[in-house]
Every structure is written in C-alpha cells, then in structure tokens.
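Enquirer: okay, predicted coordinates and the sequence, questions at the end:
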Amino acid sequence: MKVLVTGGAGYIGSHVVLALCEEGNNVVVLDDLSTGNREAVDKRALFIQGSTLNQDDLSKGLNGVDAVVHLAAFKAAGESMIYPEKYSHNNITGTITLLNAMVNHTVNKFIFSSTAAVYGYPQYLPLDENHPLEPINYYGFTKLEIERILKWYGELKGLRFAALRYFNAAGYDPQGRITSLENNPENLIPTAMEVASNRREKMEVFGDDFDTADGTGVRDYIHVTDLASAHVKAIEYLNENANLTVNLATGESHSVFDVINLAKEISGQDIPFDIVDRRPGDPAELYAGTNQAFESLNWEAEYSDLKTLLETTWKVYQ
C-alpha cells in the first residue's frame, strides 16, 4: 500500500513512518520542516519538502496514494491561545486543503491525528469516547472542528476516516533507530531529560496543590511506538470498515513527581525544579479507557510503562 504521511519528519510522524516502512508499505512524507527534522525520516520513504497548504506539493504527495496519515498540525495549547490565527491557518485550512486535494485524486482513506484536548475538563474518569466534547484551548478546538468536517466528508464524499485521540505521547523507538530530538519540547518527559542532560538548568512544575496523592497533576502517558502501531492498524481497519473515532491511551496514570523521581533514578542525575502557579485549564487528573481501541483495532499498548518511556527517552538524550 502507498501511504502519504504529512508531518512525517516530526517526532510522532517519524515513528509512524518507521512503523509503516517496517510493514512493507510504500511511504511518502510531506513536511515543511518548520518543526520536523529531515534526518528523522526513514530512508525507505520518499521525502517531499512541502506544505499541506500548497496545491502543487499535495499533487506530488498524493500521486498514486491509497491512504493519508495527517500529522502536520501545530500542537502547543498555550501558543494556540495567543496566536489563534496561526492555528486556524495551519490546522484547519491546511486540513481542508488536504481533504479537497484527496477528493481530486480519489484518495478516500484518512488517518487523523486528533487529541484528548477535544474533551476539555474531565466530567468523569477514565475518559471514554462518549465524554462531552468541550475543548478549553484553541488547539483542541481546531482538532474538534476537523473531526466534524471529516464526518461531513464521509457522508458527502465517501471518505473513510479514523480520528485517533492521543493522550500524552512520549518515549523513542526502543531499537534506537530514531534519535532526532524534538525542537523546543514543552512536554514533561523531554523537559525533565533536558535538565538531566544539562540542556537546561532546571524545570518548572506547574502546581503542587492539586487534589492528587502528591499534589501534582496526573496524566496518561503513551509510548510513541505504541501510537505508531495504532496508525498502521487504523489503515488496515479502514480497508474493511467505515469510520472510527477512538482514544489512544494506556488507562494508567502517573503524577509529575512520579515522572521526575523515576527520571532521576534512570539518568543518575539531579533534576532541579521550581514550583510555579498552575497553568490555566490544567485538570488535576486526565486519563482514559482503552476498551474501544482494543475492540476495534485489536490494539493495546506494549511499551508504555513509565520505565520504558523514560529509558528510551534517556538513551536518546544521552
């Protein structure tokens, strides 16, 4: 099968490309390298430097393609609240431009990188796919709008889509085949590893007064290799089935201090931090159920225990 991966030079994208290549697929990567790294792209894939906003680039990327995996979104929730126009243009307009090009090239399978941010504050835990959709940041809004657009394209244009709602992606390829670091990471695990490897002096912990066991926020972390395998399975699913919207998570949760303490142990380094104010919109706990992903895709996390998440990340940061 020939698969186009937009954003395939990014952190998650490069792992998805690796997984697709390992399954024998013919992979094309379209990435403008605004946040991705060319060296992270598997050499078996054809690389096109270009944008989902450019019709000529899309025509090159979609030539002969059977399915599209769309990962070319901006994802910083805080930034989206400051620059909504940037997120509207890239995330919403870019996706619509891609979908229209797919229609023109008669490509009807679409794997969409969505997010747990579509849910907003949890009204119950664990979160499942039936939870109300009330995003509390503009990034989450852009993803929810695209999910709604996909449903219309499914009804009107015969698009088959899988919207995969990620929780907190972390880790690196366990076999060490991807070693490109994220550019300016904002998530907890890479930030802790930047401190442990002396790339930054210290880190910030956003609040220690949550109603949790140790006062810090609790989250559901999923290994990027497990995410990648779910994308492969989602393409296989769409070969035989119609549309799917599903959480990709582990159902387990860890606090900020859990992560920092184990990162210290694995790295053998101190990880100094400052306690600062909570960030607006941060819930005390956020984790998901995984039943639907298992039932629909026959998928479950294999590498997402906290020790493996941190060990595979530390190997790259060393």
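Expert: Structure received.
Enquirer: now the strands for this protein?
Expert: 2-6, 26-31, 46-49, 67-70, 109-115, 160-166, 168-170, 203-206, 218-219, 221-223, 244-248, 254-255, 273-276, 285-286 (DSSP state E).
Enquirer: what helices and strands are in contact with the first one?
Expert: Spelled out, it's strand 2-6. helix 11-22, strand 26-31, helix 55-62, strand 67-70 (3 or more C-beta pairs under 8 Å, 6 or more residues apart in numbering; DSSP states H and E). All C-beta atoms are positioned from the backbone trio N, CA, C, and that covers glycine.
Enquirer: orientation of it relative to strand 109-115 in degrees?
Expert: Interaxial angle, strand 2-6 versus strand 109-115 (axes from the mean of the first three to the mean of the last three C-alpha atoms, to 10 degrees): 30 degrees.
Enquirer: between strand 26-31 and strand 2-6, find me the angle.
Expert: Following the same axes, to 10 degrees, one obtains 20 degrees for the angle between strand 2-6 and strand 26-31.
Enquirer: what of the fifth one?
Expert: Regarding strand 109-115 and strand 26-31, their directions subtend 50 degrees when assessed with the same axes, to 10 degrees.
Enquirer: buried residues in stretch 295-305?
Expert: 296-297, 299, 301, 303-305 (16 or more other C-beta atoms under 10 Å).
Enquirer: same list (these) but as CSV, adding distance to Pro185.
Expert: Formatted as CSV, these follow (distance: C-beta to C-beta, whole Å):
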residue, distance to Pro185
Ser296, 31
Leu297, 28
Trp299, 26
Ala301, 21
Tyr303, 19
Ser304, 18
Asp305, 21
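Enquirer: Tyr237: which of those residues is nearest?
Expert: Set against Tyr237, the nearest of the buried residues of stretch 295-305 by C-beta to C-beta is Leu297 (5.8 Å).
Enquirer: now that closest one: closest residue in space that isn't a chain neighbour?
Expert: Lys233 (4.3 Å; C-beta to C-beta, 6 or more residues apart in numbering).
Enquirer: I'd guessed the one you found sits against Leu248; true?
Expert: No. Using C-beta atoms under 8 Å as the test, Lys233 is too far from Leu248 to be in contact (10.4 Å).
Enquirer: if you compare the helices and strands packed on strand 2-6, which one is most tucked away?
Expert: Of all these, strand 67-70 carries the top mean neighbour count, a mean of 27, counting by mean count of other C-beta atoms under 10 Å.
Enquirer: packing partners of that strand?
Expert: Packing contacts for strand 67-70, counted by 3+ C-beta pairs under 8 Å, 6+ apart, involve strand 2-6, helix 11-22, helix 94-104, strand 109-115, helix 224-240.
Enquirer: same list (these) but as a markdown table, adding distance to Pro174.
Expert: Conversion of these to a markdown table gives the following (distance: least, C-beta to C-beta, whole Å):
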| stretch | distance to Pro174 |
| --- | --- |
| strand 2-6 | 20 |
| helix 11-22 | 11 |
| helix 94-104 | 31 |
| strand 109-115 | 21 |
| helix 224-240 | 6 |
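Enquirer: quick one: closest of these to Tyr172.
Expert: For Tyr172, the closest of the helices and strands packed on strand 67-70 is helix 224-240, at 6.9 Å, according to C-beta to C-beta.
Enquirer: give me the buried positions along that closest one.
Expert: For helix 224-240, by 16+ other C-beta under 10 Å, it's 224-235, 237-238.
Enquirer: who are the contact partners of Thr35?
Expert: Shown in contact with Thr35 (C-beta atoms under 8 Å, 6 or more residues apart in numbering): 10, 74, 183.
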